[in-house]
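Quick one, structure for this:
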Amino acid sequence: MEKEEIKNNTSAGQNEDTVKENEKPEENLAEENKHEIKQEAKEEVKEPTPEEKIAELEDKVARTFAEMENQRRRFEKEKEDAFEYGGYSFAKEALNLIDNLDRSKHVLESDDKLKETEALKKTLEHLDIIKKDLISIFEKNNIKPIDSLNKKLDPNFHQAMMEIEDDTKEPGTIIQEIQKGFTIKDRLLRPSLVGVSKKVTIKEEKTEKNQENPENK
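The predicted structure follows:
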């Protein structure tokens, strides 16, 4: 029995050694494959030539100069706009002075107690002088009123607030100015609020049926 056990143990040991020997080549093959893959990867990543490096640097320099030029142009445009239109908001607010003068003039003219009085006449004259002075100051600063009356409606400068029947004018002609518009240089400061003409609507007095049967009205 002891001899059989010794033989079995010997056989088991031999089998283990055989398995280990069989495993070693597989591990070695895996390591060799990894090494070969790394070598291939290194071979694939080629170092750029001096000419390629120079071309890349030239491209980067050209892009940098182009970006700097774009920034310079943007800066010049912003500076020009700030100089030309820096007073845009102030100018728009200042137009309220003219509006208030017109409102004051309208209120005074509508006052029955002041009508046909010398005081009203002188007050209106002074208001007109102030308005003319304001417009003159605006024009010196390239803020000009928009000419509207008897002009065709232009959406770029006019805003129609109402339509007025008038056969003496072509449809779309401005026949009333509610609020004067202004421009600053080549920009619209505010549009003119206007009333435009339209054809008179002709109402039929009687239909043919009513003409034939006057009783059925």
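
hey, let's count contacts and neighbours off CA atoms from now on
Will do.

Could you list the low-pLDDT ranges of this structure?
Scanning the chain for pLDDT under 70 picks out 1-46, 78-86, 202-217.

which residues in it form strands?
143-145, 158-165, 174-179, 182-184, 187-190, 192-198 (DSSP state E).

Serialize those to JSON lines and add fields for mean neighbour count and distance to Val61.
Listed next are those as JSON lines, based on neighbours: other CA atoms under 10 Å; distance: least, CA to CA, whole Å:
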{"stretch": "strand 143-145", "mean neighbour count": "20", "distance to Val61": "45"}
{"stretch": "strand 158-165", "mean neighbour count": "17", "distance to Val61": "50"}
{"stretch": "strand 174-179", "mean neighbour count": "19", "distance to Val61": "56"}
{"stretch": "strand 182-184", "mean neighbour count": "21", "distance to Val61": "42"}
{"stretch": "strand 187-190", "mean neighbour count": "17", "distance to Val61": "39"}
{"stretch": "strand 192-198", "mean neighbour count": "22", "distance to Val61": "52"}
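
Out of these, flag the one nearest Pro50.
With CA to CA, the closest approach to Pro50 among the strands of the chain belongs to strand 187-190: 54.9 Å.

Okay, Ala66 and Leu193: tell me how far apart.
Look at Ala66 and Leu193: by CA to CA, to the nearest Å, they are 46 Å apart.

likewise Met161?
Counting by CA to CA, the gap from Met161 to Leu193 is 6 Å.

Arg190 touches Thr183, doesn't it?
Yes. The pair Arg190 and Thr183 passes the contact test of CA atoms under 8 Å, sitting 6.8 Å apart.

The strands of the chain: which one's closest to Lys53?
The nearest among the strands of the chain, by CA to CA, is strand 187-190 at 50.5 Å.

Run through who's touching that closest one.
88, 92, 156-157, 181-183 (CA atoms under 8 Å, 6 or more residues apart in numbering).

Quick one: those residues as a markdown table, columns for distance to Ala55 too.
Below are the contacts of strand 187-190 laid out as a markdown table (distance: CA to CA, whole Å):
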| residue | distance to Ala55 |
| --- | --- |
| Tyr88 | 49 |
| Lys92 | 54 |
| Asn156 | 51 |
| Phe157 | 54 |
| Gly181 | 58 |
| Phe182 | 56 |
| Thr183 | 52 |
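
Many thanks, I have nothing further to ask.
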